[in-house]
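K.L.:
Compute the structure for the input listed below.
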Amino acid sequence: MVDIIIQGASRRFGQVQALSDINLHFPSGSFTSLLGPSGCGKTTMLRLIAGFETPDSGSVAFDGVTIADPHTQLPPEKRGIGVVFQSYALWPHMNVAANVGYPLAARGVAAAERERRVREVLATVGLEGYDARRTDELSGGQRQRVALARCLVADSRVILFDEPLANLDMHLRASMVEVFRDIHRRSGATMIYVTHDQAEALALSDRIAVMDQGRVLQLASPTQVYRAPAHEKVAGFVGRGVIVYADIVGQTEAGATLELGGSRFEARCAPGTPPGRAQVLLRPEGLRLGSEGIRARVISSIYRGPVFEVVLAVTGSEYRLVLDCVEPPVTGAEVRVEVTDAWVIPG
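P.N.:
Numbering: from 1, shown residues only. Next comes the predicted model:
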């Protein structure tokens with residue numbers, strides 16, 4: 001397990017500022033997801049930690065020892081890290097055991113000891129008995145497990161994941177999420193996971209760092225990122241929901257009283273939020289049809305499996321709300337929407 005601290009790190013490629021004054025702490029044994037859209041800087045961040053990129057300014061430290069700054073660059077092979085790539089990066093001419101045992105062979109570990117450790121780690125990732133299989137005989141999920149086993153057999157103190165599930169189908173991705181969670185519990189390694197898939201980040205991580213344009217917008221637990229986004233872009237990127245402007249007209253013990261469309265409702269907010277105009281996040285699970293509340297008209301409904309996703313136009317405004325119903329109202333119907341949960345986005 002390794003404690004990783006990044007201080008003031010920046011990286012530019014020509015005219016593109018990939019990272020800008022990044023400060024992040026990855027506690028020893030933590031599982032952190034770097035989440036954001038393509039081009040936000042998350043892969044550059046991973047490459048900085050792995051040693052494939054050098055910071056233009058700032059530093060990267062493992063357990064208090066600087067391993068990278070503009071004048072220092074510890075080679076990747078000396079950092080005690082393992083990387084699981086989207087492409088798996090397996091040797092096609094080697095069987096499973098040879099792929100997994102390659103780091104040990106490169107160190108000169110004796111064949112008997114190498115074989116024992118390979119068997120142990122294959123059992124850990126659920127591939128016991130696959131030693132002699134060719135990698136081209138494996139499914140995508142099995143190949144990903146081989147790549148993970150290769151990191152574990154090398155006793156990697158840090159494991160970096162670069163969009164490892166992007167090439168898998170939905171069911172395999174769900175099963176691999178459980179594998180990664182289990183491996184984290186067993187190994188205790190510090191894990192950093194790059195993804196643009198919010199569902200993966202929410203399910204896997206202890207913490208999520210949401211990135212945009214080379215900056216970290218919020219670093220918090222999955223629950224905090226989802227329920228209390230610190231920035232408008234975080235609210236718009238993570239989960240479903242609609243951001244509206246409403247007026248804060250009073251304070252409550254739980255937060256604030258707001259007014260929208262002639263109706264008042266309560267919302268959670270950060271301590272010290274001032275009265276006045278504010279951005280408010282309304283998620284589908286925080287809305288329901290009722291006898292009171294915001295006046296709206298049903299625009300459409302889409303069947304999503306367990307529920308219908310209903311889109312409504314708020315009377316007298318340009319806002320559209322989204323909520324889920326087991327039985328959808330008739331399109332064009334005038335309804336009332338009760339707000340059961342909302343969040344005032346910090347200004």
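
K.L.:
how near is residue 189 to residue 332?
P.N.:
Distance of residue 189 to residue 332, computed by CB to CB, to the nearest Å: 56 Å. Where C-beta positions appear, they are placed from N, C-alpha and C, glycine not excepted.

K.L.:
who's more crowded, the two?
P.N.:
Applying other CB atoms under 10 Å to residue 189 and residue 332 shows that residue 189 carries more neighbours, namely 24 against 9.

K.L.:
Shouldn't residue 233 be within a strand?
P.N.:
No - with the criterion set as DSSP: H, G, I helix; E, B strand; the rest coil, the secondary structure at residue 233 is helix rather than a strand.

K.L.:
For it, list the residues it contacts.
P.N.:
Contacts for residue 233 (CB atoms under 8 Å, 6 or more residues apart in numbering) come out as 210, 212, 217.

K.L.:
so the last one, which of the three states?
P.N.:
It refers to residue 217. Per three-state DSSP, the local secondary structure of residue 217 is strand.

K.L.:
Give me the spatial nearest neighbour of it, chain neighbours excluded.
P.N.:
Nearest-residue entry for residue 217: residue 231, 4.4 Å, with adjacent residues in sequence omitted and distances by CB to CB, 6 or more residues apart in numbering.

K.L.:
Tell me, what's the model's pLDDT at that neighbour?
P.N.:
pLDDT, the model's per-residue confidence, is 95 for residue 231.

K.L.:
residue contacts, it?
P.N.:
Residue 231 makes contacts with 210, 217, 218, 345, 346, as judged by CB under 8 Å, 6+ apart.

K.L.:
From the contacts of residue 233, pick the one nearest residue 328.
P.N.:
Ranking these by separation from residue 328, with CB to CB as the measure, puts residue 210 on top at 32.3 Å.

K.L.:
Can you give me the neighbour number for the closest one?
P.N.:
The number of residues packed near residue 210 is 27, by other CB under 10 Å.

K.L.:
My read is that it contacts residue 36, right?
P.N.:
Yes - with contacts counted by CB atoms under 8 Å, residue 210 reaches residue 36, the gap being 6.0 Å.
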